[in-house]
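Enquirer: For reference, the sequence and a predicted model appear below.
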Amino acid sequence: MSQYKKSVNEDYKKLDLAMKENQIGNFYIFHGEEHYLRDRYLEMLRKNLCPNGLDGFNYRRFEGADLTSNVLENSIDMLPVFAERTLIEIHDFDLFSKKADNSSTESPLVSILSTLPDYVCVLFVFNTVVYKPDKRLKATKEIIKHAQIIEFAVQNQSNLIKWMTSHYSNIGKRIGKSEAEYLIHITGGFMAAIKNEIEKTAAHSKSDYITRADIDAVVIPVLDAVVYQLTDSLIKREHKKAMKILDELLRMREAPQKLIFSISLKFRQLLAARICIENNLGKSSLVEMCSLTHDFQAGMLFDTARKSTLPACRQAVIDCAKAAFDLNSAPDPESRMIELVAKLALSKV
């Protein structure tokens, strides 16, 4: 996990250096979940290659549906005007699909991307389209060989805390490590969401230091964080608190189907954490087993799982699966949802 994050950050450093030394390449692929970071680098790349603004001469943008090999080739053939480079952005074009005219290494698209001139920079941005290259195909291998691929992955906790601390400092505020971890948890750990909450909590706080009370006063937790609070309350035997959280979720018009899915997922993660505890496995094993985004999520799951037992976690997963099955034919899905939480509250989970 840490080696992977390190390699991702090395890609950022290489791109930073290329922009600083005016050595930007001619073919990039941007993908990944961290859209805030991706958009920041997009903006820097645009400013570097198009210092006079995003005019129609040296900056061209295409959406996936609008791009063909001929359109791309014609855009590349247009020399830059009053500038050294041309930037061509292609958003949400499934570069690796069979429909993308890249079924063989002799296809026009593969030929174009393999022989790009130095005066152009072609950038493919994967946003709503999933980045999923089939590396068994020769055409895919050829495209990847010529591209500089940068994944904008969700940042780890340490990087996020440093970034948050810097942002708070810039507006005259401070935040402690535990408060920062809490803010990451209830926002889901994405930088755009965190940045919005930094501004809100800073505006709300009457002191220089951001407290947990400031965070709770203005930040609306993401569903995953609320469901964690619900499952944690059940395991701690805090039944009134658990039912109150469920009531709030239902009043927010969260669909029972979505809630059962989220609760089921959380109890499966807790079962995995309990199995890791039983077998003396650490956080990294749980992160890999459950495809968790942040290391701190594994820590929280371990903390909760230690308060339960392996049989109890297994039974909770079974109860959730039965409720999910019943929900398809239940005349009153909300009642079935409430029944599940009540059963979990009365169990030995």
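Expert: Now that the structure is in, tell me what you want to look at.

Enquirer: Could you look up the SS state of the residue sitting furthest away from the middle of the chain?
Expert: For the chain, the residue at maximal distance from the C-alpha centroid (CA atoms, centre = their mean) is Phe82, at 38.7 Å. Per DSSP: H, G, I helix; E, B strand; the rest coil, the secondary structure class of Phe82 is coil.

Enquirer: what separates it from Lys141, distance-wise?
Expert: The spacing between Phe82 and Lys141, counted by CB to CB, to the nearest Å, is 38 Å. Every C-beta, even on glycine, is put in place using the N, C-alpha and C of the backbone.

Enquirer: Check Ala316 too.
Expert: 46 Å.

Enquirer: can you check Val226 too?
Expert: Counting by CB to CB, the gap from Val226 to Lys141 is 44 Å.

Enquirer: Same drill for the two, tell me which one is more crowded.
Expert: Neighbour totals were compared for Val226 and Lys141, and Val226 leads with 19 against 14 (other CB atoms under 10 Å).

Enquirer: In a helix, the more buried one, correct?
Expert: Yes. Val226 forms part of a helix when assessed by three-state DSSP.

Enquirer: That one touches Leu250, doesn't it?
Expert: No. With contacts counted by CB atoms under 8 Å, Val226 stays clear of Leu250, the gap being 11.6 Å.

Enquirer: Hmm, Leu54 is touching Arg46, no?
Expert: Yes. Between Leu54 and Arg46 a contact is recorded at 6.3 Å, counting by CB under 8 Å.

Enquirer: Give me the residue ranges of the stretch 101-250 of the chain where confidence is low.
Expert: Applying pLDDT under 70 to the stretch 101-250 of the chain picks out residues 101-106.

Enquirer: What segments of it are strands?
Expert: 120-125, 148-151, 174-175, 209-210 (DSSP state E, counting those that start in this stretch).

Enquirer: ok so, going back, what residues are up against the residue farthest from the centre of the chain?
Expert: 52, 57-58 (CB atoms under 8 Å, 6 or more residues apart in numbering).

Enquirer: Distance of it relative to Gln148?
Expert: Applying CB to CB to Phe82 and Gln148 gives a distance of 26 Å.

Enquirer: same check, this time on Ile184
Expert: In terms of CB to CB, Ile184 sits 30 Å off from Gln148.

Enquirer: what's the answer for Pro221, then?
Expert: 37 Å.

Enquirer: Next, count neighbours for Ala342.
Expert: Neighbours of Ala342 under the rule other CB under 10 Å: 14.

Enquirer: confidence score at it?
Expert: Here, the pLDDT recorded for Ala342 equals 88.

Enquirer: how about the nearest residue to it once chain neighbours are set aside, what does it touch?
Expert: Of all residues not flanking Ala342 in the chain, Met243 sits nearest, at 7.8 Å (CB to CB, 6 or more residues apart in numbering). Taking CB under 8 Å, 6+ apart, we find Met243 in contact with 341-342, 345.

Enquirer: neighbour count winner among Ile184 and Gln148?
Expert: Between Ile184 and Gln148, counted using other CB under 10 Å, the more crowded position is Ile184 (23 against 17).

Enquirer: Grab the nearest non-local neighbour of the more buried one.
Expert: Closest to Ile184 by CB to CB, 6+ apart is Leu160, at 5.5 Å.

Enquirer: wouldn't that neighbour be in contact with Gly189 here?
Expert: Yes. Here Leu160 reaches Gly189: they are 6.7 Å apart, a contact under CB under 8 Å.
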